[in-house]
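J.: Requesting a structural model of the entry that follows:
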Amino acid sequence: MKQAFLFLCSAAFLLACNSTDPKTADETIMADTKVAAVSTNDLAYPVKDWGDWQPGSVDNLKTALQSLKDFETGNIDACMNAFADSIDLKFPGMEGKFSKDSVTKMFKAERGGLKAMEIVMDDYESVKSKDGKREYVSMWYKQKSQDQKGTWDSVTCMDDLKIVNGKIASIDEKRREFPKKKM
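T.: This is a model prediction of the structure:
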């Protein structure tokens, strides 16, 4: 009887180890883990509008990425095809609402002061509110630029682009400069 019991246990163990269930150990653990819902009242800084965001338009993502690529390569006219007639800009040290013509001049002056530029994209996403009234593309990247004297500099950027009717209506950019010397 003991031998039959050991044989059955061994067979059960081997069958369990050779399961064809595609779940990984991490998926099984996650499926068994219960996550408690967090009330915004439990947070140190509750938000007024938590938002109900969902994946956004791939077309919006393509528009935003292509516009950045056109800026990188110095093709400002192509870059500006993605913009609305009026653009709200928020950059470090600058904020305001500008006409497309004014932004074109600013971008041409900024890019014209550079000999070369390279964008190293880290991540991006396109989101829209559940009611469909707000759409954004967010991008996280490193921007490497070379001035006319040949000096390279780098910054890390995080851009939130508001998209209205398929056009970029707002850019809110956050930057972190890399230290000049290692600390």
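J.: For the residue most central in space within the chain, which residues count as its bridge partners?
T.: Closest residue to the average C-alpha location of the chain: Y124 at 2.7 Å, with CA atoms, centre = their mean. Beta-bridge pairing of Y124 under DSSP bridges involves M139.
J.: Distance check, it against D160.
T.: According to CB to CB, to the nearest Å, Y124 and D160 sit 11 Å apart. All C-beta spots, glycine's among them, are computed from the backbone N, C-alpha and C.
J.: if I look at these two, which residues touch both of them?
T.: In terms of CB atoms under 8 Å, 6 or more residues apart in numbering, Y124 and D160 are both contacted by the residues V137, S138.
J.: residue ranges of the strands in this protein, please?
T.: With DSSP state E as the criterion, the chain has strands at 53-55, 83-91, 94-99, 114-129, 135-147, 152-164, 167-177.
J.: what about S126, how many neighbours?
T.: The number of residues packed near S126 is 22, by other CB atoms under 10 Å.
J.: That should have said Y136, apologies.
T.: Y136 sits with 20 neighbouring residues when counted by other CB under 10 Å.
J.: just checking, it touches D159?
T.: No - assessed by CB atoms under 8 Å, Y136 is found out of contact with D159, at 9.8 Å.
J.: ok so, going back, do you know which of the strands of the chain lies nearest T73?
T.: Closest to T73 of the strands of the chain is strand 114-129 (CB to CB; 8.0 Å).
J.: Mind giving me the packing neighbours of that closest one?
T.: If contacts are counted by 3 or more CB pairs under 8 Å, 6 or more residues apart in numbering; DSSP states H and E, strand 114-129 sits against strand 53-55, helix 58-73, strand 135-147.
J.: Which strands and helices lie in contact with the last one?
T.: This points to strand 135-147. If contacts are counted by 3+ CB pairs under 8 Å, 6+ apart, strand 135-147 sits against helix 58-73, strand 114-129, strand 152-164.
J.: Check the second one too.
T.: Contact here means 3+ CB pairs under 8 Å, 6+ apart; on that basis helix 58-73 packs against helix 76-80, strand 114-129, strand 135-147, strand 152-164, strand 167-177.
J.: Of all the strands of the chain, which one is nearest E72?
T.: E72 lies closest to strand 114-129 among the strands of the chain, at 4.8 Å (CB to CB).
J.: got the CA coordinates for the closest one in CSV?
T.: As requested, the backbone C-alpha atoms of strand 114-129 are provided in CSV (Å, rounded to 0.1, in the frame of the first residue of the first chain):
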residue,chain,number,x,y,z
LEU,A,114,22.4,74.0,-32.9
LYS,A,115,24.8,72.1,-35.1
ALA,A,116,23.3,68.7,-34.3
MET,A,117,20.7,67.1,-32.1
GLU,A,118,19.9,63.5,-31.1
ILE,A,119,16.8,62.3,-29.3
VAL,A,120,17.0,59.0,-27.3
MET,A,121,13.4,58.0,-26.6
ASP,A,122,12.8,56.3,-23.3
ASP,A,123,9.0,55.9,-23.3
TYR,A,124,5.8,57.4,-24.5
GLU,A,125,2.0,56.9,-24.2
SER,A,126,-1.2,58.3,-25.7
VAL,A,127,-4.1,58.7,-23.3
LYS,A,128,-7.6,60.1,-23.4
SER,A,129,-10.2,60.8,-20.8
